[in-house]
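Peer 1: return a 3D structure for these sequence lines:
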Amino acid sequence: MPRSAVALALPLLCASASAHASPASELLAAAAARHEQTRELRGTFEQIKRVALFRSAVRSSGRFVVKRAAGKLELRWITDKPSPSELRFDGKHVELRAPGATTRRVDIARAPRFGALVQDLVAFLGAGGAKTLGNRYTVSGDPKTRRIELVPRDASLKKRIERVTLTLEANLATRALKIDERSGDSTHITLHVSSRR
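Peer 2: Numbering: from 1, shown residues only. Purely as a prediction, here's the structure:
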């Protein structure tokens, strides 16, 4: 599986919310309320993957589409450069496609945690579902700079992921997300939304 797809699938899941909402939690709730009714989100992305053992970074770019209709969620994460691939989620299955390679398919009914990861990715993108993130992550950050830090509570995920940082636009849409791994590796994704409805 391409590293870009693995990086996307890693950061997302967990449980429990604090009794008193912090300013960062309130910012997350405001962003969730504003974009919860999003039916379709389209745009492009630029990704930088830094590996702790190497000085150079791996850069990639592509497009994404998120659709919600009649309770069904669909995600397409298409990497165009440098190595074409596509991660597709239809609510029941996750598929990874790449030219010249066998399509990999995961049944969510048999891997519910992986399905939860993909749905959290949709929430990170600002396409709805963010209202429950506070139940699965410890939330902190700086509302003045519109930065939200999410630390997973799940023990198995915490072994790999240190934190996910979201940077929001003035309209509370996600501008960028950064995934910091326990290994010292990190992935930074910048989003450019072209349409939302």
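Peer 1: just the helices in the protein please.
Peer 2: With DSSP state H as the criterion, the chain has helices at 3-9, 23-35, 112-125, 133-136, 155-158.
Peer 1: who wins for proximity to S83 among the ones you listed?
Peer 2: Shortest separation from S83 across these is recorded for helix 3-9, at 8.0 Å, computed as Cβ to Cβ. Bear in mind the C-beta positions are built from the backbone N, C-alpha and C, glycine included.
Peer 1: ok, V193 touching G43?
Peer 2: Yes - here V193 lies in contact with G43, judged by Cβ atoms under 8 Å, at a distance of 4.1 Å.
Peer 1: residues of the longest strand belonging to the chain that come out buried?
Peer 2: With residue count as the measure and DSSP state E as the assignment, the chain has strand 57-69 as its longest strand. For strand 57-69, burial by neighbour count (16 or more other Cβ atoms under 10 Å) applies to 58, 60-68.
Peer 1: what's the closest residue to L168 other than its chain neighbours in contact with, if anything?
Peer 2: Excluding its sequence neighbours, the residue lying closest to L168 (Cβ to Cβ, 6 or more residues apart in numbering) is R146, at 4.0 Å. Contact criterion Cβ atoms under 8 Å, 6 or more residues apart in numbering gives 27, 167-170, 172 as the residues in contact with R146.
Peer 1: any buried residues in stretch 167-175, and which?
Peer 2: Neighbour-count burial for stretch 167-175 flags 167-168, 172-175 (criterion: 16+ other Cβ under 10 Å).
Peer 1: what's the answer for stretch 79-97, then?
Peer 2: For stretch 79-97, a neighbour-count test (16+ other Cβ under 10 Å) marks 79, 85-89, 94, 96-97 as buried.
Peer 1: so for it, what's the average pLDDT?
Peer 2: When pLDDT is averaged over stretch 79-97, the result is 92.
Peer 1: mind checking how far the residue nearest the centre of the chain is from E26?
Peer 2: Most central residue of the chain, judged by C-alpha distance to the mean C-alpha position with Cα atoms, centre = their mean, is L121 at 2.8 Å. Computed with Cβ to Cβ, to the nearest Å, the distance linking L121 and E26 is 23 Å.
Peer 1: same check on S83?
Peer 2: Relative to E26, S83 is positioned 40 Å away (Cβ to Cβ).
Peer 1: and A69, by the same measure?
Peer 2: From A69 to E26 the distance is 30 Å (Cβ to Cβ).
Peer 1: cool, A170 as well?
Peer 2: Noted for A170: a distance of 16 Å to E26, by Cβ to Cβ.
Peer 1: next one: Q47
Peer 2: Computed with Cβ to Cβ, the distance linking Q47 and E26 is 29 Å.
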